[in-house]
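Visitor: structure for this input, please:
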Amino acid sequence: MIYFDNSATTAIYPEVLKTYTDVATKIMGNPSSLHNLGTVAERMLEASRKQIAELLGKSASEIYFTSGGTEGDNWVIKGVAFEKKVYGNHIIVSAVEHPAVKESANWLATQGFDVDFAPVDEKGFVKLDALSALIRKDTILVSVMAVNNEIGAIQPIRQIGELLADKPTISFHVDAVQAIGKIPLADFLPERVDFATFSSHKFHGPRGVGIVYVKKGKKLQPLLSGGGQERDMRSTTENVAGIAAAAKALRMTLERSQANLTKLAAMKQVILDALAAFSDVIVFTKTDDFAPNIITFGIKGVRGEVVVHGFEEHELYISTTSACSSKAGLASSTLVAMNVAPKFATSAVRISLDESNNMAEIEQFLTIFKQLHAKFQKIQ
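Guide: Just a heads-up that it's a prediction; the model follows:
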């Protein structure tokens, strides 16, 4: 079995799984309980929060825990919008955001907010001039992802931060779910970023754990009400074992990132070089300013799901762009925003690599690809 769908989810590190099981079995208390078992659980929770904050270069008071990236995005987009509604009702999100951001923005539009989608160029990068032109006096929030989940485009977060430098009334949110371990922290967490969202299972942690960075002094309304956990900002009993495991996964991922990036870039280049030999293959992913682990391409005239199932028959697993949208059978929303013709956008498939992959697997992928390509040509 070869797994090339690491942007959808990653395998939990064995060491991280051990941390999870150790904490889950040995620390059974509720962090909100007054007795000693609760105190022990609270200490573990806060130690994990502190470690995550230090790894991200932030303060522990700026870190909150959720159930994942989707909840985090919903909380920030909706929470900031309603918190700042007295100052304005205009929101800007990029046209290539994850559905958690785009659909939150669309929902806000039904609640009386004015939403604009910042366009991207033919490579998938946000057009800075167009974004600047959309900013108004009543703009309260700009949301742009760090790394696009469908094609791997690294968005110009630093430049957007500079664009917003003299506009302190506008909150700046970055969906950083695909960024951890793929690009330097400084590239997606510059000082101007007010909010950032993360998901543990994208960096070898457990599913069901999300992280939200809220810059000191910035406010947003809670999404969940109840017991007042997370400093009254996110009510529900904390997943202490999952959070402790997420902290370990983050540390391990960042420690290994530099060596892994070199390895990923080398494997990606081998695939790109091989695909370039096929005249009917469209490669949507480049190398400069793209994450080193993602390659998105399509075979003209062949729908993406057909290619995915073709590889699956060989126990090699890839995807049709976004895992959260692939079952809908729709064209990649990112490619559509890039003005790629629908007949080509529906052909797109995504390979997303990881440190666990190796060159032998890349060669096996290319061998299978050549077999499938020949088969598709005969059918056509």
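
Visitor: list the contacts of the closest residue to residue 28 other than its chain neighbours.
Guide: Distances taken as CB to CB, 6 or more residues apart in numbering place residue 37 nearest to residue 28, at 6.4 Å, with adjacent residues excluded. For glycine as for every other residue, the C-beta is placed from the backbone atoms N, C-alpha and C. By CB atoms under 8 Å, 6 or more residues apart in numbering, the residues touching residue 37 are 27-30.

Visitor: how about the residues you listed in TSV, adding neighbour count?
Guide: As requested, the contacts of residue 37 are exported to TSV (neighbours: other CB atoms under 10 Å):
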residue	neighbour count
27	18
28	13
29	16
30	16
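
Visitor: just name the closest of these to residue 5, please.
Guide: Closest approach between those and residue 5, by CB to CB: residue 27, at 32.7 Å.

Visitor: per-residue pLDDT, that closest one?
Guide: For residue 27, the pLDDT comes out at 96.

Visitor: what sits against it?
Guide: Neighbours of residue 27 in contact, by CB under 8 Å, 6+ apart: 37, 40-41, 44, 240-241.

Visitor: for the contacts of residue 37, give me TSV that also has distance to residue 311 and secondary structure.
Guide: Below are the contacts of residue 37 laid out as TSV (distance: CB to CB, whole Å; DSSP: H, G, I helix; E, B strand; the rest coil):
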residue	distance to residue 311	secondary structure
27	42	coil
28	43	coil
29	46	coil
30	45	coil
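
Visitor: residue 200: which of those is nearest?
Guide: Lowest distance from residue 200 to the contacts of residue 37 (CB to CB) belongs to residue 27, with 17.9 Å.

Visitor: quick one, helices of the protein?
Guide: Along the chain, the stretches classed as helices by DSSP state H are 14-26, 36-56, 69-83, 99-110, 128-134, 157-163, 185-188, 229-232, 240-275, 304-312, 333-337, 342-345, 359-379.

Visitor: tilt between the last one and helix 240-275?
Guide: In this case it means helix 359-379. 60 degrees (axes from the mean of the first three to the mean of the last three CA atoms, to 10 degrees).

Visitor: what's the average pLDDT for helix 359-379?
Guide: Helix 359-379 shows a mean pLDDT of 95.

Visitor: mind giving me the packing neighbours of it?
Guide: Contact partners of helix 359-379 among helices and strands, from 3 or more CB pairs under 8 Å, 6 or more residues apart in numbering; DSSP states H and E: strand 2-3, helix 240-275, helix 304-312, strand 316-317.

Visitor: now the ones you listed as a markdown table including distance to residue 352?
Guide: Converted to a markdown table, these look like this (distance: least, CB to CB, whole Å):
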| stretch | distance to residue 352 |
| --- | --- |
| strand 2-3 | 9 |
| helix 240-275 | 10 |
| helix 304-312 | 13 |
| strand 316-317 | 10 |
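
Visitor: possible to save the ones you listed as JSON lines with mean pLDDT and mean neighbour count?
Guide: Converted to JSON lines, these look like this (pLDDT from 0 to 100; neighbours: other CB atoms under 10 Å):
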{"stretch": "strand 2-3", "mean pLDDT": "98", "mean neighbour count": "18"}
{"stretch": "helix 240-275", "mean pLDDT": "97", "mean neighbour count": "19"}
{"stretch": "helix 304-312", "mean pLDDT": "97", "mean neighbour count": "18"}
{"stretch": "strand 316-317", "mean pLDDT": "98", "mean neighbour count": "18"}
